[in-house]
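**Q** Generate coordinates for the sequence data below:
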Amino acid sequence: MDQVFLDNGDAINPEGAAWIDPGLGGFLENSSDPIWVANRSLLKRLVILCMVN
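**A** The predicted structure follows:
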């Protein structure tokens, strides 16, 4: 992905192999949307349940 570019010429993955995807947990930690914030705990539990099953 570090060799793929957007229409404006920016790299999709400017950090290359050093980039680590924070996944859903990273999204939930950084989201300021009230719906995600209110349901953050529930969503984390659902993800854990999906991983266990």
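**Q** only C-alpha atoms for contact and neighbour calcs from this point on.
**A** Fine.
**Q** residue boundaries of the helices in the protein?
**A** 23-30, 34-38, 40-52 (DSSP state H).
**Q** Let's have those helices in TSV, adding distance to residue 6, mean neighbour count and mean pLDDT.
**A** Shown next, in TSV, are the helices of the chain (distance: least, Cα to Cα, whole Å; neighbours: other Cα atoms under 10 Å; pLDDT from 0 to 100):
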stretch	distance to residue 6	mean neighbour count	mean pLDDT
helix 23-30	21	12	78
helix 34-38	28	12	71
helix 40-52	31	11	72
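**Q** can I get the ones you listed in JSON lines with distance to residue 13?
**A** Formatted as JSON lines, these follow (distance: least, Cα to Cα, whole Å):
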{"stretch": "helix 23-30", "distance to residue 13": "15"}
{"stretch": "helix 34-38", "distance to residue 13": "25"}
{"stretch": "helix 40-52", "distance to residue 13": "26"}
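**Q** Nearest to residue 17, out of the ones you listed?
**A** helix 23-30 (15.9 Å; Cα to Cα).
**Q** Figure out which of the helices of the chain is closest to residue 11.
**A** helix 23-30 (19.7 Å).
**Q** Just want the angle from that closest one to helix 40-52.
**A** Using axes from the mean of the first three to the mean of the last three Cα atoms, to 10 degrees, the direction of helix 23-30 lies 170 degrees away from that of helix 40-52.
**Q** Geometric centre of the protein: which residue is closest?
**A** residue 23 (3.7 Å; Cα atoms, centre = their mean).
**Q** Can you give me the distance of it to residue 8?
**A** To residue 8, residue 23 is 25 Å away according to Cα to Cα, to the nearest Å.
**Q** Over to residue 45?
**A** Noted for residue 45: a distance of 39 Å to residue 8, by Cα to Cα.
**Q** got the CA positions of stretch 5-13 in CSV?
**A** Backbone C-alpha positions of stretch 5-13 (Å, rounded to 0.1, in the frame of the first residue of the first chain) are rendered in CSV as follows:
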residue,chain,number,x,y,z
PHE,A,5,-1.5,6.9,-4.4
LEU,A,6,-4.7,8.8,-4.1
ASP,A,7,-6.0,11.0,-6.9
ASN,A,8,-4.1,14.0,-5.4
GLY,A,9,-0.8,12.2,-5.4
ASP,A,10,-0.7,11.5,-1.6
ALA,A,11,0.4,8.0,-0.6
ILE,A,12,-2.3,5.9,1.0
ASN,A,13,0.1,4.5,3.5
